[in-house]
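1. quick one: sequence plus predicted model below, questions after.
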Amino acid sequence: MDRKKILSRAIGMSLTFGLLAVPFATSMPDVVCSAAEAAAVQESAPIKAAAVQKTDVVLVGSLQDELGAAKEWDPADTKTIMKSDGAGHHVLTGHLPKGNYDFKVVVGGS
């Protein structure tokens with residue numbers, strides 16, 4: 001079996017086992033407010049950088065800096081959040097130089 005197949009299967013298995021442990025998110029009730037109230041909230045709320053959410057699947061490891069993250073092994077870095085493909089899988093596309101990498105899949109930044 002070639003390295004690409006092994007890596008693909010390892011990532012698939014990691015995602016499968018990792019996602020089994022994720023609790024299902026419940027939907028939040030809709031909140032209704034006037035345009036003036038919404039504008040007041042937007043003006044008073046400081047602008048924050050996006051953070052890893054409870055349901056985000058993040059690829060962490062020695063390959064993170066190659067994929068644009070600030071440092072390696074950082075589960076809170078948003079650069080390596082994997083996107084859902086709608087079929088129950090999560091995908092992250094990027095270019096890695098040849099080499100050996102250690103990685104794991106983290107759910108919710110922990």
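-> Thanks, I have the structure now.
2. in the chain, which spans are strands?
-> For the chain, the strands defined by DSSP state E cover 57-61, 81-84, 90-91, 103-107.
3. measure the closest residue in space to G68 that isn't next to it in sequence to W73 for me?
-> Using C-beta to C-beta, 6 or more residues apart in numbering and skipping the chain neighbours, the partner closest in space to G68 is K79 (4.4 Å). The C-beta positions use only the backbone N, C-alpha and C, and glycine is treated the same way. Here K79 is placed at a distance of 13 Å from W73 (C-beta to C-beta, to the nearest Å).
4. next, count neighbours for I11.
-> 18 (other C-beta atoms under 10 Å).
5. what pLDDT does it get?
-> pLDDT recorded at I11 is 78.
6. for it, what are its contacts?
-> I11 makes contacts with V105, as judged by C-beta atoms under 8 Å, 6 or more residues apart in numbering.
7. for the protein, just list every one of the helices.
-> Along the chain, counting by DSSP state H, helices occupy 3-20, 35-44.
8. confidence-wise, which of these is weakest overall?
-> It's helix 35-44: among those, that one has the lowest mean pLDDT, namely a mean of 55.
9. burial measure for D77, as a count.
-> Neighbours of D77 (other C-beta under 10 Å): 21.
10. residues contacting it?
-> D77 touches 52, 58, 60, 64, 69-71, counting by C-beta under 8 Å, 6+ apart.
11. kindly recompute the last result at 7 Å.
-> For D77, the contacting residues are 64, 69-70, by C-beta atoms under 7 Å, 6 or more residues apart in numbering.
12. and for V57?
-> 15, 82, 90, 105, 107.
13. lowest-confidence one in those residues?
-> Where pLDDT dips furthest among the contacts of V57: L15, at 63.
14. for K83, which non-adjacent residue is spatially closest?
-> Per C-beta to C-beta, 6+ apart, closest to K83 is V91, 5.6 Å.
15. what pLDDT does the model give that neighbour?
-> Value for V91, per-residue pLDDT: 91.
16. residue contacts, G109?
-> 52, 58, 75-76.
17. do the same with S62
-> 72, 101-103.
18. from D56, how far off is it?
-> Counting by C-beta to C-beta - S62 and D56 are separated by 20 Å.
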